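A.B. asks: Based on what follows, work out the 3D shape:
(2 chains)
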Amino acid sequence: MKDVNLADYSFTGLERGQIADLRSLDASDKERILHAGVDVESDAASAVFMHMDQSTVHCESRDPGLELLDIKAAMKKYDGLPEYAWKLVPRDKDEFTRNVAENVHGGYFIRTKPGAKIERPVQSCLFLKADGAGQNVHNIVIVEEDSELHILTGCSTAHSATSAAHLGITEYYVKRGGKLTFTMIHNWGVNATVRPRSVGVVEENGVFQSNYVLLNPVGTLQMYPAIHLNGRGAVARFNSVIVAPEGSHVDTGNRVIMNAPETRAEIISRTITTGGTIIARGHIAGHAVPCRGHLECKGLILGGGRMLAIPELDATVEGVDLSHEAAVGKIAQREIEYLMARGMDEAEATSTIVRGFLNVDIMGLDGPLAKAIQEQMEQIDAHGS
Amino acid sequence: MLTIEDLHVSIGEREVLRGINLHIKEGETFILFGPNGSGKTSLLMTLMGFSGYTVTGGRIVFRSQDITQMPMFERARLGIGMSFQRPPTIHGLKTRHLVQQCARGREIDPEALARRVNFEEFLERDINAGFSGGEIKRSELLQLMAQKPGLVLFDEPESGVDLENMQLIGKVVRRLLDGEVDALPGACAKALKCKVRTSGLIITHTGYILDYINADRGQVLFDGRLCCEARPRDILEHIRSYGYQECIKCLNEPGGLQPLEVTRTAS
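C.D. replies: Have a look, this model is predicted:
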């Protein structure tokens, strides 16, 4: 991991005022956050949240089944959220959690009403605009019993060269029969330092589905979100698509701990390095039976870079069913020739195979987000630099 | 359409084609026979332009262009299409998407084309993922219909195919060669008459495909050389009775390429 010195960033003095209408953002900011999956022109969101540098600048719920507050307002309103705040992520876990705990700038508090099926996604954007800015964010998501929620969150710097640090704590609570789909798109740059710390708990028959997309360079990113399946029949699924160009150092993985019977876990990652370093971790633990978990981690090295896959299975009772599959390879010449025989030139054939490999379709995303991802995929330099 | 002149091809150090001369006219279907290892597949791979097949002599001319050193995708765009025997699986690439790509911007109806090979339910599947022998053939034909080549290279259309599928595949190959691919419903009779037939170069072991198509000419490829030009059915008959023994004799004769004994009496 690249060393990070938090003293290089200023964690105070970069407050921003409210932005009533996000359409008033300047065009280049809009373009950047669109690549992080956030379309401010669209009214297809059930709620809209934006945090810029060190302030929540926009926070608006359009659905009566949904409560959306800035985290500081929520802490005030609910007496510090004693049941939820810092319950899953310890304040003193590491220097990054400590840094956030000491000085929370903002973040979202999202809670559904029991039974509410929120069809349109909540759109959230965490944005770093000022050069040298450090951002401390704390998010809490509560999916109440039998309710459904989709959060689409985009994280971005204002420019691909912006030097900035994003530290983000997220705690997820999926109650009995609830379903949370959490889609996160990262759009950083070579000078960005990113340290999310996320943990979730899923109760009986609850479902946690995560989609993660990183197609652009990031200086250093380290995250290892963990989900505890604590109720019978709970399910967690992670799909990640990661591309690391030269200059990127990405250390990511997903962890699922199955503490109850009839739980299921699936972790799938597709990673490509075109010159950067990727550490692809994965951990599934089975502590109750029956439970079933599968970890699949496939990587391609195109041109250069390093890929370190670390899949882990931890079983402590007889009868668990855990498996993993890790592979690092290259694009097969016969696949390229197959497509060339259909009239594609080598570059077209390669990018077609790469797109298939990354298989973002599996996330079922649509609209401008799907288009933005498509455009970025076409930019992937499949031959390395 | 296609002219091959004194073509010599090596795979590594080994010469697999030793002076092939062949001319296929527009709309003509040519059948290639020969025992295993005689170089049939190598000839098709060389015509398509696969890496690993080094042309050490001679040339290939297609549609008046010397394509001997042309990259594969340019040959495809010029109108050469190939049905693969064992195509690779490409994960995440839907059959529908590839069929669209094959048309290269030409307007096609993937559903309608898929219906002709009874393949609609495979359009959303990853290409070749878990396809059976017959399904691979149908998928390859579907792609060729979308590609609409002027010359089809087909390596053993009957291999791995059950009888029921054989009939379907035979009929579709026939339509492909007859150039009926684009006859969209509502096309006028004149358009149908004006259709241009597709040329074909087909490898067959069993000869089942001959029941469905109008094969014009045939030849035996033996040990990297072509010999024994005759009507495909006669060649097949001869091979069934005598194997490829006669070919050896024939090749060893001075002058080489004599018609078969049986063929002469039959024709």
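
A.B. asks: What is the burial count for the residue lying closest to B:Thr29 once chain neighbours are set aside?
C.D. replies: Of all residues not flanking B:Thr29 in the chain, B:Gly200 sits nearest, at 4.1 Å (CB to CB, 6 or more residues apart in numbering or on different chains). To be clear about C-beta, it is placed using only N, CA and C from the backbone, and glycine gets the same treatment. Neighbour count of B:Gly200, defined by other CB atoms under 10 Å in any protein chain shown: 27.

A.B. asks: how would you label B:Gly200: helix, strand or coil?
C.D. replies: strand (DSSP: H, G, I helix; E, B strand; the rest coil).

A.B. asks: Now do the closest residue to B:Tyr208 other than its chain neighbours, the pLDDT please.
C.D. replies: Distances taken as CB to CB, 6+ apart put B:Glu158 closest to B:Tyr208, at 4.5 Å, once the chain neighbours are dropped. At B:Glu158, the predicted lDDT confidence score is 86.

A.B. asks: again with B:Ser241
C.D. replies: pLDDT, B:Ser241: 85.

A.B. asks: backbone phi and psi for it, please?
C.D. replies: When quoted as degrees, to the nearest 10, the phi and psi of B:Ser241 stand at phi -80, psi -40.

A.B. asks: separation between it and B:Asp223?
C.D. replies: B:Ser241 sits 21 Å away from B:Asp223, going by CB to CB, to the nearest Å.

A.B. asks: okay, those two: which has more neighbours?
C.D. replies: B:Asp223 (17 against 9).

A.B. asks: so what's the closest residue to that one other than its chain neighbours up against?
C.D. replies: In this structure, B:Asp223 finds its nearest non-sequential neighbour in B:Ser38, 6.1 Å apart by CB to CB, 6+ apart. By CB atoms under 8 Å, 6 or more residues apart in numbering or on different chains, B:Ser38 lies in contact with B:Leu221, B:Phe222, B:Asp223, B:Gly224.

A.B. asks: rerun that using 7 Å as the cut-off
C.D. replies: Neighbouring residues of B:Ser38 by CB atoms under 7 Å, 6 or more residues apart in numbering or on different chains: B:Leu221, B:Phe222, B:Asp223.

A.B. asks: cool, A:Leu81 as well?
C.D. replies: A:Ala74, A:Met75, A:Ile140.

A.B. asks: just to revisit the earlier point, does the residue nearest to B:Tyr208 sit in a helix, a strand or a coil?
C.D. replies: Once three-state DSSP is applied, B:Glu158 turns out coil.

A.B. asks: Assess the claim that it and B:Met166 are in contact.
C.D. replies: Yes. Using CB atoms under 7 Å, B:Glu158 is in contact with B:Met166, at 6.0 Å.

A.B. asks: State the number of residues packed around A:Asn5.
C.D. replies: For A:Asn5, the neighbour count with other CB under 10 Å is 8.

A.B. asks: Check B:Asp6 too.
C.D. replies: Neighbour tally, B:Asp6, other CB under 10 Å: 11.

A.B. asks: Go ahead and confirm it touches B:Gly58.
C.D. replies: Yes. Contact criterion CB under 7 Å: B:Asp6 and B:Gly58 qualify, at 3.9 Å.

A.B. asks: Point me to the residue of chain A nearest chain B.
C.D. replies: Nearest residue of chain A to chain B, counting by CB to the nearest CB: A:Gly356, 3.0 Å away.

A.B. asks: List the contacts of that residue.
C.D. replies: With contact set as CB under 7 Å, 6+ apart, A:Gly356 has these partners: B:Ile90, B:His91, B:Gly92, B:Leu93.

A.B. asks: For B:Arg77, see how far away the residue in the stretch 151-267 of chain B positioned nearest to chain A is.
C.D. replies: For the stretch 151-267 of chain B and chain A, the shortest gap (CB to the nearest CB) falls at B:Leu153, measuring 9.3 Å. Computed as CB to CB, the B:Leu153 to B:Arg77 distance reads 15 Å.

A.B. asks: what's the burial count for the closest residue to chain A within the stretch 51-200 of chain B?
C.D. replies: Going by CB to the nearest CB, chain A is nearest to B:Gly92 of the stretch 51-200 of chain B, at 3.0 Å. For B:Gly92, the count of nearby residues is 20 (other CB under 10 Å).

A.B. asks: Wasn't it part of a strand?
C.D. replies: Yes. Membership of B:Gly92 in a strand is supported by three-state DSSP.

A.B. asks: Could I get the full set of strands for chain B?
C.D. replies: Remark: strands assigned in chain B by DSSP state E are B:2-11, B:14-24, B:29-33, B:54-62, B:65-66, B:80-83, B:90-94, B:126-127, B:151-155, B:199-203, B:217-222, B:225-230.

A.B. asks: With respect to A:Leu22, which of those lies nearest?
C.D. replies: Closest to A:Leu22 of the strands of chain B, according to CB to CB: strand B:90-94, at 33.7 Å.

A.B. asks: Just the buried positions in that closest one, please.
C.D. replies: Buried residues in strand B:90-94, defined by neighbour count with 16 or more other CB atoms under 10 Å in any protein chain shown: B:Ile90, B:Gly92, B:Leu93, B:Lys94.

A.B. asks: any idea of the mean pLDDT in stretch B:51-68?
C.D. replies: 96.

A.B. asks: who in the stretch 1-150 of chain B is up against chain A?
C.D. replies: Contact residues, the stretch 1-150 of chain B versus chain A (CB under 7 Å from any CB of the partner chain): B:48, B:50-51, B:72-73, B:76-77, B:82, B:84, B:87-88, B:90-93, B:101-102, B:104, B:143, B:147.

A.B. asks: Among the residues you listed, name the buried ones.
C.D. replies: When these are checked against 16+ other CB under 10 Å, the ones flagged as buried are B:48, B:50, B:72-73, B:76-77, B:82, B:84, B:87-88, B:90, B:92-93, B:101-102, B:143, B:147.

A.B. asks: Show me where chain A has its helices.
C.D. replies: For chain A, the helices defined by DSSP state H occupy A:27-35, A:71-77, A:95-102, A:333-340, A:346-358, A:367-379.

A.B. asks: ditto for chain B
C.D. replies: Along chain B, counting by DSSP H, helices occupy B:40-48, B:72-78, B:95-102, B:110-116, B:133-147, B:163-177, B:189-193, B:232-242, B:245-252, B:261-266.

A.B. asks: what does the first one contact?
C.D. replies: Helix B:40-48 is touched from outside by A:341, B:9, B:11, B:16-17, B:20, B:32, B:34, B:53, B:55, B:60, B:72, B:75, B:80, B:82, B:153, B:155, B:201, B:203, B:221, with contacts defined as CB under 7 Å, 6+ apart.

A.B. asks: Looking at the residue nearest to B:Asp223 now. What's its pLDDT?
C.D. replies: 90.

A.B. asks: for the one 5 residues further on, same thing?
C.D. replies: Reported pLDDT at B:Leu43 in the predicted model: 96.

A.B. asks: What's the separation between it and chain A?
C.D. replies: Using CB to the nearest CB, to the nearest Å, B:Leu43 is found at 15 Å from chain A.

A.B. asks: Quick check: that residue vs A:Asp345, distance?
C.D. replies: Distance from B:Leu43 to A:Asp345, by CB to CB: 24 Å.

A.B. asks: So between the two, which is more surrounded?
C.D. replies: For B:Leu43 versus A:Asp345, neighbours defined as other CB under 10 Å are more numerous around B:Leu43 (27 against 15).

A.B. asks: Which positions in chain A make contact with chain B?
C.D. replies: A:332-335, A:337-338, A:340-345, A:352-353, A:355-357, A:359.

A.B. asks: Buried among those residues? Make that a PyMOL selection.
C.D. replies: Remark: buried members of these, expressed as a PyMOL selection using 16+ other CB under 10 Å:
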select buried, chain A and resi 335+337+338+340+341+342+343+344+352+353+355+356+357+359
